[in-house]
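**Student:** Sequence and predicted structure below; questions after.
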Number of protein chains: 4
Amino acid sequence: METVSVIGDGNVLSSSELYQTAVEVGRIIAEKGYVLVCGGLYGVMEGAAKGAKEAGGITVGILPEYSSVANPYIDIEIPTGMGQARNVLVVSSSEVVVALGGNYGTLSEIAHALKLGKRVLGYKTWKIEGIDYYEDREGFISTLLRSL
Amino acid sequence: METVSVIGDGNVLSSSELYQTAVEVGRIIAEKGYVLVCGGLYGVMEGAAKGAKEAGGITVGILPEYSSVANPYIDIEIPTGMGQARNVLVVSSSEVVVALGGNYGTLSEIAHALKLGKRVLGYKTWKIEGIDYYEDREGFISTLLRSL
Amino acid sequence: METVSVIGDGNVLSSSELYQTAVEVGRIIAEKGYVLVCGGLYGVMEGAAKGAKEAGGITVGILPEYSSVANPYIDIEIPTGMGQARNVLVVSSSEVVVALGGNYGTLSEIAHALKLGKRVLGYKTWKIEGIDYYEDREGFISTLLRSL
Amino acid sequence: METVSVIGDGNVLSSSELYQTAVEVGRIIAEKGYVLVCGGLYGVMEGAAKGAKEAGGITVGILPEYSSVANPYIDIEIPTGMGQARNVLVVSSSEVVVALGGNYGTLSEIAHALKLGKRVLGYKTWKIEGIDYYEDREGFISTLLRSL
């Protein structure tokens, strides 16, 4: 099975547009037959995992600490105990990485992904050279659909 | 889903008793409803993944290098690029770790697992205090069956 | 001893302005009594280590691979074998991180540093929110002198 | 500068024979001109760092967590935030690794060191094939003196 990684803001509420977009992204990933890989925590990671599970997919959470509690939509938990050094592991398995919002942790993952030659699709996230960046949801979703 | 980790000799041939035992271990793990986690490479890792797939299970390979080529029975590949530092990740996700033969890499995984308070079942591997160690296959398999 | 980390472009030639700036940065770090920490390789890392050694300082190189060959100005080599996952280790020891040019690897280090709450001084590098960013060398050097 | 790594029991009191041996080991390492690398914490790590400092040496502590507090004899702190995954970093820089007592964490470091082809000198530690193992202090110290 191939994987797609979703990274982004870990603090958005489930009522936010970013979370809802993550749910849609997760659903698409699962419908297209990919395994979802994410950091296993909350916000965008939870939304994407929720969407993937609703579409019958499999979800993997690469957790930062041994004691991290994954969101309830994660099937397979990999607790790394490695803190931020785990960020590169969230993106290294996938050829396509989707970034939704996010702060410095997400930025480090974008950078690692681009360094590893991954395709990075961004929505309202860091506007870094090399990202396929979108601020309109329709353009973003339609590109995602064509990319998988 | 819960996971069981299998570690051990990466060099044994598929005709060896250790490989065949790994196939049986993988099959039991899948039949009991667990996801198999291993280092993703060959020998014991391949045997266990083969057994898990034959029983309809899901397999995860935590690979040492970005360029590592997983054995053909791995569903989800996590290429870490971390070399030996990835060894702890192979055992950190599971409450039960099964060790079959193996050299210093396996020993480091056994040590990490015991340090993390995991239950380690060993068959013809390092005889370390704290392992539930077996040299007879029947006793080992019957303990594995009762432990999952 | 406290450390200052220098990150940046690993490919610039010793004749370049960025390399020469790195030499000056390394000299200042050593003269102010700090240990220099860097990725141990070439370009900006070599320049900074050269400057630190010329001023009688101590230099540490956190190398990506077991087989990495450090530049000749590194006193203490820590070969991690961890590939990109080592990037966070280059910045985690220092309260002040200096970024000189650089590509995606440097961006990941800037992001890790900002996430860890470090002060990041940047010269002709990624213009990320949260960095103290300079394009004029004098302003940059004078801020560095005041920061250490 | 070349390094020697010291690993072992992190809980022994400063009055213990193991701690006193660590002090002597650290002193020898520094007198022979090597930099001491250790995990940066207490017990054997503290003793070795104390001995190295008393002999005018330089000490490096590869700490498990960002928040770890190093023992007072560590010059250069590398806080990894990587938990147990940092263990391999404690041994990867040195050609000679000295093990004094210790539990599962030490065992994982011994295993990583042997896997990396390091020479491991052990005193009252895990009796693993491949270690140069001693229970008498004089034999151990005399071998250490000849090895550096």
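**Tutor:** Ah, there it is. Numbering: from 1, shown residues only, chains lettered A, B, ... in the order given.
**Student:** Which pLDDT value goes with the residue lying closest to A:Lys124 once chain neighbours are set aside?
**Tutor:** Excluding the flanking residues, the one nearest A:Lys124 by Cβ to Cβ, 6 or more residues apart in numbering or on different chains is A:Gly101, at 5.4 Å. C-beta: built from backbone N, CA, C; applies to glycine. Note on A:Gly101: pLDDT of 98.
**Student:** again with A:Tyr123
**Tutor:** pLDDT, read off for A:Tyr123, is 98.
**Student:** for chain C, what are the nearby residues on chain A?
**Tutor:** Taking Cβ under 8 Å from any Cβ of the partner chain, the part of chain A that reaches chain C is made up of A:82-89, A:103-105, A:107-108, A:110-112, A:114-116, A:126, A:128, A:130.
**Student:** A:Ser142: how many residues sit nearby?
**Tutor:** Residues near A:Ser142, counting by other Cβ atoms under 10 Å in any protein chain shown, number 12.
**Student:** cool, and A:Lys32?
**Tutor:** A:Lys32 has 15 nearby residues by other Cβ under 10 Å.
**Student:** who's in contact with it?
**Tutor:** A:Leu148 (Cβ atoms under 8 Å, 6 or more residues apart in numbering or on different chains).
**Student:** So for the longest helix along chain A, what gets flagged as buried?
**Tutor:** Longest helix in chain A, counting residues (DSSP state H): helix A:17-31. Residues of helix A:17-31 classed as buried by neighbour count (16 or more other Cβ atoms under 10 Å in any protein chain shown): A:18-19, A:21-31.
**Student:** Could you do stretch A:83-103 as well?
**Tutor:** A:83-103.
**Student:** Narrow the residues of chain A next to chain C to those in strands?
**Tutor:** Using DSSP state E, no member of the residues of chain A next to chain C sits in strands.
**Student:** Which members of those residues additionally contact chain D?
**Tutor:** Within those, those near chain D by Cβ under 8 Å from any Cβ are A:Met82, A:Gly83, A:Gln84, A:Ala85.
**Student:** Excluding covalently adjacent residues, which one is nearest to the third one?
**Tutor:** Looking back up the chat, that one is A:Gln84. Closest to A:Gln84 by Cβ to Cβ, 6+ apart is C:Val88, at 5.0 Å.
**Student:** what would the ones next to chain D among the residues of chain A next to chain C look like in a markdown table with pLDDT?
**Tutor:** Conversion of those to a markdown table gives the following (pLDDT from 0 to 100):
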| residue | pLDDT |
| --- | --- |
| A:Met82 | 96 |
| A:Gly83 | 94 |
| A:Gln84 | 94 |
| A:Ala85 | 95 |
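**Student:** These: which two are farthest apart?
**Tutor:** A:Met82 and A:Gln84 (7.7 Å; Cβ to Cβ).
**Student:** overlap in contacts of these two?
**Tutor:** A:Pro64, D:Gly81.
**Student:** Show me which residues of chain A are close to chain B?
**Tutor:** Residues of chain A lying near chain B (Cβ under 8 Å from any Cβ): A:1, A:3, A:35, A:37, A:58, A:60, A:62, A:66, A:75-82, A:88-89, A:92-93, A:116.
**Student:** Need the residue in chain A that's farthest from the chain's center.
**Tutor:** Within chain A, the residue lying farthest from the chain centre (Cα atoms, centre = their mean) is A:Ser67, at 20.9 Å.
**Student:** List the contacts of the closest residue to A:Tyr104 other than its chain neighbours.
**Tutor:** With sequence-adjacent residues excluded and distances taken as Cβ to Cβ, 6+ apart, A:Tyr104 is closest to C:Lys115, at 3.8 Å. Applying Cβ under 8 Å, 6+ apart to C:Lys115 gives the contacts A:Gln84, A:Asn103, A:Tyr104, A:Gly105, A:Ser108.
**Student:** what do you get for A:Met1?
**Tutor:** A:Gly33, A:Tyr34, A:Val35, A:Ile58, B:Asp75, B:Ile76.
**Student:** Give me the pLDDT for it.
**Tutor:** For A:Met1, pLDDT reads 93.
**Student:** A:Ser93 too?
**Tutor:** At A:Ser93, pLDDT is 94.
**Student:** Test my guess that it contacts A:Ser5.
**Tutor:** Yes. Using Cβ atoms under 8 Å, A:Ser93 makes contact with A:Ser5 at a distance of 6.8 Å.
**Student:** For these two, list the residues in contact with both.
**Tutor:** Listed as contacting both A:Ser93 and A:Ser5 by Cβ under 8 Å, 6+ apart are A:Val37.
**Student:** which stretches of chain A aren't confidently modelled?
**Tutor:** Chain A contains no residues with pLDDT under 70.
**Student:** distance between stretch A:57-72 and the chain's centre?
**Tutor:** 12 Å (Cα atoms, centre = their mean, to the nearest Å).
**Student:** what does the helix or strand containing A:Val37 rub up against?
**Tutor:** Taking DSSP states H and E as the criterion, A:Val37 maps to strand A:35-38. Identification of contacts with strand A:35-38 by Cβ under 8 Å, 6+ apart yields A:1-7, A:26, A:29-30, A:44-45, A:48-49, A:52, A:57-62, A:74, A:90, A:93-94, B:75-76, B:78.
**Student:** Repeat that for stretch A:122-140.
**Tutor:** A:8, A:17-18, A:21, A:98-102, A:106-107, A:110-111, A:114, A:119-121, A:143, C:104, C:107, C:126, C:128.
**Student:** thinking again about what came up before, filter the contacts of A:Met1 to the buried ones?
**Tutor:** Using 16+ other Cβ under 10 Å, the buried ones in those are A:Tyr34, A:Val35, A:Ile58, B:Asp75, B:Ile76.
**Student:** which one of the residues you listed is nearest A:Ser147?
**Tutor:** A:Tyr34 (10.8 Å).
**Student:** Could you pull up phi and psi at the spatially most central residue of chain A?
**Tutor:** What sits nearest the mean C-alpha location of chain A, by Cα atoms, centre = their mean, is A:Val6, with 1.0 Å. Backbone torsions of A:Val6, given as degrees, to the nearest 10, read phi -120, psi 130.
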